[in-house]
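> predicted model, plus sequence, below.
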Amino acid sequence: MEKEIKIRGGRITWIDSEEIGEMEDESRRILKRLDGCTACVCYNDEIAYNLVNILKKAGKRVPEDISVTGIDNSVLAEFCPVPLTSLKNPVEELGRAAARKMTGCILRGEKMEPEEFEPELVMRHSVRVISEVT
């Protein structure tokens, strides 16, 4: 968003947790949506892992033809056929903040204020850097 990169809505494919097992059956639709794309950001590592397998079966090379990233930095990211670049959420920091806010609310009547956390990008082999965006 900061770089004002536009994403066409027609390129977005929603796959919820219940549909993960059906990704293989939907591979034609998914591949059609990704046609001409250079990268895909998946909302978790499980989706990204499955997508890498679909791309490989279709003869696509990750990251040479298309970069794929996940979110969670789970064990799947490490053991994917092409180790996934993934965002690691600061879950321990998030847990401490939630406990601190809840106890403050319960014990001192403090108002719960939103808090933002910076994820860490864990680079592996599923992303090809084409050019640095400045």
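That came in fine, so what should we check first?

> may I have the phi/psi pair for residue 102?
The phi/psi pair for residue 102 (degrees, to the nearest 10) reads phi -70, psi -40.

> what number of residues lie near it?
Residue 102 is flanked by 12 other residues according to other CB atoms under 10 Å. In short, each C-beta sits where N, CA and C put it, glycine included.

> again with residue 42
Count around residue 42 with other CB under 10 Å applied: 21.

> the closest residue to it other than its chain neighbours - how many residues pack around it?
Nearest non-adjacent residue to residue 42, counting by CB to CB, 6 or more residues apart in numbering: residue 48, 3.9 Å away. Applying other CB under 10 Å, we find 28 residues neighbouring residue 48.

> which SSE is residue 48 in?
Residue 48 belongs to helix 45-57 when assigned by DSSP states H and E.

> starting at the chain centroid, how far to the helix or strand just after that helix?
Downstream of helix 45-57, the next assigned helix or strand under DSSP H and E is strand 67-71. Remark: strand 67-71 is offset 5 Å from the chain centroid, using CA atoms, centre = their mean, to the nearest Å.

> that'll do, ta.
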